[in-house]
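Asker: Generate coordinates for the sequence data below:
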Amino acid sequence: MKPKALLSVLLLILSLPIFAQGKSATLIVHHAVIHTLDDRNTIVEAMAVADGKILKTGTNNEILKLKNKKTTVIDAKGKVIIPGIFDSHMHIIRGGRFFNTELRWDGVRSLKRALAMLKEQAQRTPKGQWVRVVGGWNAYQFEEKRLPTLEEINQATGDVPTFVLHLYGHAYLNKAGLQALKIDANTPNPNGGLVEKDAAGNPTGLLVAEPNAFILYSTLSKLPELTPDEKINSTKQFMSEMNRLGVTAIIDAGGGFQNFPDDYGVTNGLCKESDLTVRMPYYLFAQKAGSELNDYTKWVSTVEIGEGCDDHDDDKVEYHAQGAGENLVMSAGDFENFDKPRPELSPAMEGQLKSVLSLLVKNRWPFRIHATYNESITRFLNVIEEIDKETPLNGLLWFFDHGETVSVENLKRIKALNGGLAIQHRMAYQGESFIKRYGKTAAANTVPLKKILEMGIKVGMGTDGTRVASYNPWVGLYWLTTGKTLGGTKYMLDENIQDRTAALKLFTYGSAQLINLEKDRGMLKTNNLADFVILSDDYFNTSEEKILNIESKLTVVNGKVVYADNDFRTFANPIPKATPEWSPVNYFGGYQKN
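Answerer: Numbers count the residues shown, from 1 in each chain. Got it, this is the predicted structure:
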């Protein structure tokens, strides 16, 4: 055979589906209803996996022929399987470091129950530690349809310091917490924040973002941290919690008081030990006003985009720097507290943002920008368009985060610059507040999803957990498919409501496409990554309200079982207890199923 002909044959062989090359399956799942989410929305019975990728999908008989003595075979018992959920905006690195310290009210359906949990946790929390509820809930999820009072919080917690965060709107400190932080009549209000005082001038315990959330997360940063070993355990617990909810990948959006590289030590170590159970590309978030350009100048010269401890090792899941953001400069922070008026951004913002963005574009660094309000997006786009004329973006990956009130005019500008949008279910938590401030008409088109999709703009779905909203993606899928808040208020225009398949694709293929990773994930087909979930309920056919209670029965990442419930417990290693022993996770878990 001529060399050219031989080469053609070899190339043909290499291009064939992996199963045609005589591979045996390391894992087979059969007797299932597998929604592949491919272009035809094909449903199959079984799936084979090898080397972290899907070998083949098909009928039970076809797939079971690929097993050998070493193949793990899982009978899915007729359950629905979907691709792993990919959260395009979450704060998993920061959230993991603190998860074991937090009492989660996510999913709790009565204030009475929430306060009982608070009291119980206060009784077991040792001296020197705090009880803390850190976002992910709102008043409208409770049957009482109201917030707790400071009197109720003080009665429940007594002399144990307590911090209760309500989204990024306000926080409660009990009397013991005020004393521990030495907040008194002389404590000044920070810029954009309020330390509420009574008629006698003494602090009540209420801290309010007006609308700057700095007062909230700076106070939170003063609370005791876990030990290094406890942070490792905490991050493992949080990853397991995400796996329990069917999440296999998360784009970490940085976050306040998450310093690079200092606060990345835990996840770096877990990656090196092949202990990550969630794919975790991350963005670098500048922390200090006035020093943002210095930070990014240093990072673009020392950090390689796309390179991390996962390089050249198929056994490791992604963990590497993906770009810059979501915060680029502090002056561009348009805080999402819908209880307060929209913030007016500083006149200095454009100049500061242009300096940072020019640096990033010249160095081909992808970027994302926190942008809640259309007014902010207009100003950000002015800067991006100006830079594009000087140094063309030329296909550089970039997108806005949130975009609740983005206009059609600005969507056209985003499309022209090949940008994308990462959206979240924040309106499920703040819809009622938004309606009170801006009215039903404005709320009905928040987010204008129909226009975004019609225009072919890349859009990925996320949660913005763990503080502004819950990290539970099923709340997002409930919101997308019903147009309702957690309080049951249907506010969304019908045209923006998605069918269940389309909604799920935003949380799988859409998030992958947002950062140009769609070629090998988001669908369950040959040679794609073997990231998938056996669901507790049939998402496609169950009632609306039951979507909120869906979780995973078994989760696979990179072809390995990383989580299994009692029905499948023999296929996964047991999850160790949370440390320290008094951790709320040991007594309440995370998201509360009702």
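
Asker: Could you tell me which residues make contact with the closest residue to residue 130 other than its chain neighbours?
Answerer: Setting aside the residues directly before and after it, residue 130 is nearest to residue 161 in space (C-beta to C-beta, 6 or more residues apart in numbering), at 4.6 Å. To be clear about C-beta, it is placed using only N, CA and C from the backbone, and glycine gets the same treatment. Taking C-beta atoms under 8 Å, 6 or more residues apart in numbering, we find residue 161 in contact with 130-131, 173-174, 176-177, 179-180.

Asker: Filter these down to the buried ones, ChimeraX style.
Answerer: Of the contacts of residue 161, the buried ones go into a single ChimeraX selection, burial set by 16 or more other C-beta atoms under 10 Å:
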select :130,131,173,174,176,177,180
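
Asker: Now intersect the contacts of residue 161 with the helices, please.
Answerer: Using DSSP state H, the members of those that fall in helices are 176-177, 179-180.

Asker: Please render those residues as a markdown table that adds pLDDT to the earlier fields.
Answerer: Below are those laid out as a markdown table (pLDDT from 0 to 100):
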| residue | pLDDT |
| --- | --- |
| 176 | 98 |
| 177 | 98 |
| 179 | 98 |
| 180 | 98 |
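
Asker: Quick check: of those, which lies closest to residue 378?
Answerer: residue 177 (40.3 Å; C-beta to C-beta).

Asker: Would you agree residue 389 falls within a helix?
Answerer: Yes: according to DSSP: H, G, I helix; E, B strand; the rest coil, residue 389 belongs to a helix.

Asker: Secondary structure element holding residue 62?
Answerer: Element membership for residue 62 (DSSP states H and E) is helix 60-64.

Asker: how about that helix: buried residues?
Answerer: Result for helix 60-64 [16+ other C-beta under 10 Å]: buried residues 62-64.

Asker: now do stretch 449-459
Answerer: Across stretch 449-459, burial judged by 16+ other C-beta under 10 Å covers 449, 451-452, 457-459.

Asker: Among those, which ones are in strands?
Answerer: Under the assignment DSSP state E, the buried residues of stretch 449-459 contribute 458-459 to strands.

Asker: thought residue 306 was touching residue 323?
Answerer: No: counting by C-beta atoms under 8 Å, residue 306 does not reach residue 323; the two are 9.4 Å apart.

Asker: where does the residue most central in space within the chain fall, phi/psi-wise?
Answerer: Nearest to the geometric centre of the chain sits residue 90, at 2.5 Å (C-alpha atoms, centre = their mean). With angles defined as degrees, to the nearest 10, residue 90 sits at phi -150, psi 170.

Asker: What pLDDT does the model give it?
Answerer: We have a pLDDT of 98 for residue 90.

Asker: any chance you could map the helices in the stretch 401-550 of the chain?
Answerer: All helices of the stretch 401-550 of the chain, identified by DSSP state H, counting those that start in this stretch, fall at 408-416, 426-438, 440-444, 449-454, 473-482, 500-506, 509-514, 544-547.

Asker: In JSON lines: those helices, plus distance to residue 73 and mean pLDDT.
Answerer: Below are the helices of the stretch 401-550 of the chain laid out as JSON lines (distance: least, C-beta to C-beta, whole Å; pLDDT from 0 to 100):
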{"stretch": "helix 408-416", "distance to residue 73": "47", "mean pLDDT": "98"}
{"stretch": "helix 426-438", "distance to residue 73": "39", "mean pLDDT": "97"}
{"stretch": "helix 440-444", "distance to residue 73": "49", "mean pLDDT": "96"}
{"stretch": "helix 449-454", "distance to residue 73": "39", "mean pLDDT": "98"}
{"stretch": "helix 473-482", "distance to residue 73": "28", "mean pLDDT": "98"}
{"stretch": "helix 500-506", "distance to residue 73": "26", "mean pLDDT": "98"}
{"stretch": "helix 509-514", "distance to residue 73": "28", "mean pLDDT": "98"}
{"stretch": "helix 544-547", "distance to residue 73": "30", "mean pLDDT": "98"}
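
Asker: Columns distance to residue 122 on top of the ones you listed, output as a markdown table?
Answerer: Formatted as a markdown table, the helices of the stretch 401-550 of the chain follow (distance: least, C-beta to C-beta, whole Å):
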| stretch | distance to residue 122 |
| --- | --- |
| helix 408-416 | 47 |
| helix 426-438 | 25 |
| helix 440-444 | 37 |
| helix 449-454 | 42 |
| helix 473-482 | 27 |
| helix 500-506 | 39 |
| helix 509-514 | 38 |
| helix 544-547 | 32 |
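
Asker: closest one to residue 143 among these?
Answerer: Residue 143 lies closest to helix 544-547 among these, at 13.6 Å (C-beta to C-beta).

Asker: What is the closest one packed up against?
Answerer: Identification of packing neighbours for helix 544-547 by 3 or more C-beta pairs under 8 Å, 6 or more residues apart in numbering; DSSP states H and E yields helix 473-482.

Asker: so the helix it packs on versus helix 426-438, what angle?
Answerer: Helix 473-482 runs at 60 degrees relative to helix 426-438, counting by axes from the mean of the first three to the mean of the last three C-alpha atoms, to 10 degrees.

Asker: next one: helix 473-482 to chain centre, how far?
Answerer: On the basis of C-alpha atoms, centre = their mean, to the nearest Å, helix 473-482 sits 14 Å off its chain's mean C-alpha point.

Asker: what's the answer for stretch 462-473, then?
Answerer: Per C-alpha atoms, centre = their mean, the displacement of stretch 462-473 from the mean C-alpha position of its chain is 6 Å.

Asker: quick one: buried residues of that stretch?
Answerer: 462-473.

Asker: and of those residues, the nearest to residue 338?
Answerer: residue 468 (10.9 Å).

Asker: Just confirm that closest one contacts residue 135, I think it does.
Answerer: Yes: counting by C-beta under 8 Å, residue 135 is a contact partner of residue 468 at 6.4 Å.

Asker: Overlap of the contact sets of these two?
Answerer: 167-168.

Asker: Out of the contacts of residue 161, the closest to residue 266 would be?
Answerer: residue 130 (20.5 Å).

Asker: got a list of what the closest one touches?
Answerer: 101, 160-163, 177, 180, 223-224.
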